[in-house]
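In: generate a structure from the sequence data that follows.
(2 chains)
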Amino acid sequence: MDKRDADSVKQAIGCPMSRRKFLRCLAAAGALAAMPGGLLRPFGAEAEKIIYEGDYEIYRNACPRNCYDTCAIKSYVKDGVLQFIEGAQESTFTDGGLCVKGYAYTRRPYSPDRIKYPMIQDGRGSGNWRRISWDEAMDMIAKKLVEINEKDDSMLGLGLTKYSGNFGITNYAVEGMMTSLGYTTRLVGTPCWPAGIDAQNYDLGDMWCNDPEDMVNSRYIILWGANPAWNSVHSMKYIYAAQDRGAKVVCIDPVFTQTAAKADVYWQVDTSMDGALALGMARHILDKGLFDKAWVRANSVGFDEFADYLRNEITVQWAAEKSGIPQQQIVEVAEEFATAKPATIWIGYGLQRHVNGGATVRSIDALAAMTGNVGKTGGGARYGHLRTWGFNYHALLQKRPEGAKGFVGGDGPKGDFDFSGDEKAEYTDRALNINKTAEMLLTADDPPIRVLWISCKNVLSQDFDRPKMLEAFKKPELIVSVEQFFTQTVELSDIVLPVTTLFEEYTINASYWHYWLSVNEQAIKPMYEAKSNTEIAAALSARMNKLKPGSCTFPTEVDTRQWMIKEFNQDIYDLFGIDSWEDLKNGPAKAKMHPASWHDLEFGTPSKKYEFRSDLCAQHGHQALPKFKAARKPYDKLRLLTPHTKFGIHSQFINIDWMEDFNKKPYCYLHPGAARERGIGDGDQVRVFNKVGEVELEVKLTQNVPADVVMMYEAWFKNNSFNCQNVVDDTSSDMGKYKTGAPGVAIHDQFADVEKV
Amino acid sequence: MKKQLAFYIDAKRCIGCFTCAMACKNQYHQESGVIWRDVYELKEEIYPHRERAFYSLACNHCENPTCLNVCPVVAYYKREADGVVVHEQDKCIGCGNCIRSCPYGAPRYNPVLKRAEKCSFCWQRLDDDRKPACVLSCPTDALQIVDLAEFDEANAVQYPAGFPRYPSLNPSVRFRLPAMPKMIRRKL
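Out: Modelled structure (predicted):
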């Protein structure tokens, strides 16, 4: 509670009173539900015995964010108020703990900054917001949708951008709502991991990683461009356990990360030269005869051609020159990796956010495969998986309205999480590249995007070339954001609709990394006027059908608990060894899967083998072999890196006041040498600028970054205009189109210069 | 030796993730800016890489707590059974003696209640057979609860570099020092 709140409380009750006592009074008076959450406090250090099992109602929740860990949460509720949360101890992965972000959740539903009601902004970007009712909001939106449908004779003027803000399965109701309105425009693809997904599909036939808990069985671990100490904190204990059992851990990263600090060996690779390094290691393993001859003969195609390529075009010396890692080191680690069995590689997502990212992942996959480490416990080229995501997608799969017209001649949208199946129809939705959202909004025509619907996405914080995005956001006739906070995207929207937090809705959550499944129960009633995405779809459908009967097929009444239940099926029950979804109320369940992906060596490729040579990859315009691909040419003096912060996931969490206690403002990081050349001192305010735009912030000098790099963490601070997308362009990565509908984006192939302000 | 609970801070395992600090806020909802447990970055003279090694610190529940000794209204007591130092906020008059006296900065001023407060070692959780919130939360077991009467860890130290040495207080805390990997940097 801030000072002002505290003062108003004192005034209201006429005497100083602790918040706890105040709460008790409120609860007694039945007034608690009406109070803003800033006044809530569970208990303090005074002498009262607490019975943790018994004094609270306990609910099951799960973190729905775009994170490896997808933690299972146990929520403690009293008097209808969320008091505190813990990690579910039933999950050996979560093991009773969350992370710094997860523990801040208790604050989220009660944050004074929450969007409480539907609101409309008189003048986009003006800040003149006023409260409207849900009826008014739905009426305005529905009228506009009817209008554009009549004008265009289709709903293609309605565009959706949605990605990973909430991965709860029922949130696919947003896509379902779009389908139920007709054929619409979808921004498809993913900024996250697409090049690597395609690479693994070419090599293995799917993206499928070993159980992370199985890393304890590894005798050698290469953490390649992965920073689990920040981005998958619960994976670290398995890496430590392997280390305690004698495994060597090598961390390869352009930045000396927190994970690197915990490794046995750290390699400061030149950014985007990971492929050269992998190929140099492969060449040495080949020369020494340390590859697994029996494995490659029985389980792969194209190895001889790959070997020829290595012998003819790759040398360890070349790899050393390209990567900056000395030959002796490459030779040593290559030999150790090839002879320690099992050995594994965790391939991070950062190293594929390059114009050569897919090629890089393929060359690293090849290293794991040629040493016979694919299909083994403790082995594997670990990237991610969706093997536990076999839900019904009931919320997603809606019917089109009768007579709906759409896009002719397109393939329709695809995506990494596209579960809609193969829809064969005369018309499709119009698919536009999400990684070039600004460009797409500016150029889409016939019809243009007249109405833009944004959910589970913070476009102005996360999409690329923000200066262009600011222009693009002037174009739509109506922009609707579904949000919890006044983000920079909401600032440029016309209508904002308040959406529920994880504690206020029913859903299910699976992970793209571990093998656990969690149910997410409604633990508290939605605060203020927040609605779930499913309820918003139903409300819009009701209004649409009132205005124009038959214009929207989405059910107008939904029971969100029932909709959660409808996502389960027998295959899910069998996979997780449960009789009913209700078993998950006793804690998360783990899939009964072999810990090693590809353990049966039945690959998903056209040849059913591991494909060192992928003809499909060649057909798609890439190289058939996992050959080296050149990097993007620098367009400025320093390489610019914009990775994750430990205090947030993309633009989420950093704005929460509890988080501000530990992470007050953004910084950029510069090597003391680079700073000296520019007359910059530690703590100076600097300007980071390039052809895209500029940002201004305080600098910290550190040798954690190489001398040719400037680094800053992506973030949205609520009281700071910092935005790293002002200096990141929308250049595509090489792969991604095959499996996710659009190529990825070369987030780390950016360049900039720095000067003292 | 009598039972004395202590925090064991294993900086070799600690990833500086602040989970413990936020788990404390999650449990106690301290006022904005009031922090019972914080994660302190080691200076580059102690660990040569900025923002890469940390000590997670809260109240050290000293054998001879200065907070207790200087409190004019006996708002502090030390539990016989486990040595936990408890602050009873209802008795506190907010004089600030404890805040000024503690060399570890454990008691903090709550500007709303105008009283001191500090880490309670989650004694209510202890009494209900639960780990303190911070200890339970740690994803790498870098923060542990130990009994100094039985603690026998050869590599543990009480006063690592950067941590104030006050033997007269005898802080109930032990540390393991952070390690460093073999570094291979590219030449520019």
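
In: in chain B, what residue comes closest to chain A?
Out: residue B:186 (2.4 Å; Cβ to the nearest Cβ). Quick note: C-beta positions are derived from backbone N, CA and C, even for glycine.

In: list the contacts of that residue.
Out: A:268, A:269, A:270, A:323, A:324, A:325, A:706 (Cβ atoms under 8 Å, 6 or more residues apart in numbering or on different chains).

In: now swap in residue A:697 and tell me
Out: Contacts of residue A:697 by Cβ under 8 Å, 6+ apart are A:665, A:666, A:667, A:668, A:685, A:686, A:688, A:712, A:722.

In: hmm, try it at 10 Å
Out: A:665-668, A:685-688, A:712, A:720, A:722, A:724, A:757 (Cβ atoms under 10 Å, 6 or more residues apart in numbering or on different chains).

In: just residue A:619 next, same as before
Out: Applying Cβ under 10 Å, 6+ apart, the residues near residue A:619 are residue A:738.

In: so which elements touch whichever helix in chain B runs longest?
Out: Ranked by residue count, the top helix of chain B under DSSP state H comes out as helix B:19-28. Packing partners of helix B:19-28 (3 or more Cβ pairs under 10 Å, 6 or more residues apart in numbering or on different chains; DSSP states H and E): strand A:81-87, helix A:100-103, helix A:657-660, strand B:38-41, strand B:54-57, helix B:133-137, strand B:143-147.

In: is residue A:249 in a helix, a strand, or coil?
Out: Here residue A:249 is recorded as strand under DSSP: H, G, I helix; E, B strand; the rest coil.

In: count the residues that sit near the residue in chain A that chain B sits nearest to.
Out: Chain B sits closest to residue A:324 of chain A, with a gap of 2.4 Å, by Cβ to the nearest Cβ. A count of nearby residues for residue A:324, using other Cβ atoms under 10 Å in any protein chain shown, gives 22.

In: wait, doesn't it sit right on residue A:270?
Out: Yes: with contact defined as Cβ atoms under 10 Å, residue A:324 counts as touching residue A:270 (4.5 Å).

In: need phi/psi at the residue of chain A closest to chain B.
Out: Main-chain torsions, residue A:324, degrees, to the nearest 10: phi 90, psi 0.

In: now do the residue nearest to residue B:133 when sequence neighbours are not counted against residue A:630, distance only.
Out: Setting aside the residues directly before and after it, residue B:133 is nearest to residue B:27 in space (Cβ to Cβ, 6 or more residues apart in numbering or on different chains), at 4.0 Å. According to Cβ to Cβ, to the nearest Å, residue B:27 and residue A:630 sit 52 Å apart.

In: which one of those two is surrounded by more residues?
Out: Taking other Cβ under 10 Å, residue B:27 and residue A:630 do not tie; residue B:27 has more neighbours (27 against 12).

In: give the contact list for the more buried one.
Out: Residue B:27 neighbours (Cβ under 10 Å, 6+ apart): A:42-43, A:76, A:83-86, A:103, A:106, B:36, B:120, B:122, B:124-125, B:132-134, B:136-137.

In: ok, residue A:369 next?
Out: Taking Cβ under 10 Å, 6+ apart, one finds A:203-204, A:282, A:291-292, A:295-296, A:299-300, A:303, A:306, A:375, A:379-381, A:598, A:603, A:610-612, A:626 in contact with residue A:369.

In: what's the overlap in contacts for residue A:324 and residue A:270?
Out: Common neighbours of residue A:324 and residue A:270 (Cβ under 10 Å, 6+ apart) are A:254, A:276, A:277, A:706, B:186, B:188.

In: pull out the buried members of those residues.
Out: A:254, A:276, A:277, A:706, B:186 (16 or more other Cβ atoms under 10 Å in any protein chain shown).

In: if we can go back for a sec, quick check: the residue nearest to residue B:133 vs residue A:223, distance?
Out: Residue B:27 is 32 Å from residue A:223, by Cβ to Cβ.

In: buried stuff in the helix ranked longest in chain A?
Out: If you go by DSSP H, chain A has its longest helix at helix A:134-152. Judged by neighbour count (16+ other Cβ under 10 Å), helix A:134-152 contains these buried residues: A:134, A:137, A:138, A:140, A:141, A:142, A:144, A:145, A:147, A:148, A:149, A:152.

In: could I get those residues in JSON lines, plus columns for pLDDT and distance to residue A:122?
Out: Output for the buried residues of helix A:134-152, formatted as JSON lines (pLDDT from 0 to 100; distance: Cβ to Cβ, whole Å):
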{"residue": "A:134", "pLDDT": "98", "distance to residue A:122": "19"}
{"residue": "A:137", "pLDDT": "98", "distance to residue A:122": "14"}
{"residue": "A:138", "pLDDT": "98", "distance to residue A:122": "19"}
{"residue": "A:140", "pLDDT": "98", "distance to residue A:122": "13"}
{"residue": "A:141", "pLDDT": "98", "distance to residue A:122": "16"}
{"residue": "A:142", "pLDDT": "98", "distance to residue A:122": "20"}
{"residue": "A:144", "pLDDT": "98", "distance to residue A:122": "16"}
{"residue": "A:145", "pLDDT": "98", "distance to residue A:122": "21"}
{"residue": "A:147", "pLDDT": "98", "distance to residue A:122": "20"}
{"residue": "A:148", "pLDDT": "98", "distance to residue A:122": "22"}
{"residue": "A:149", "pLDDT": "97", "distance to residue A:122": "26"}
{"residue": "A:152", "pLDDT": "97", "distance to residue A:122": "27"}
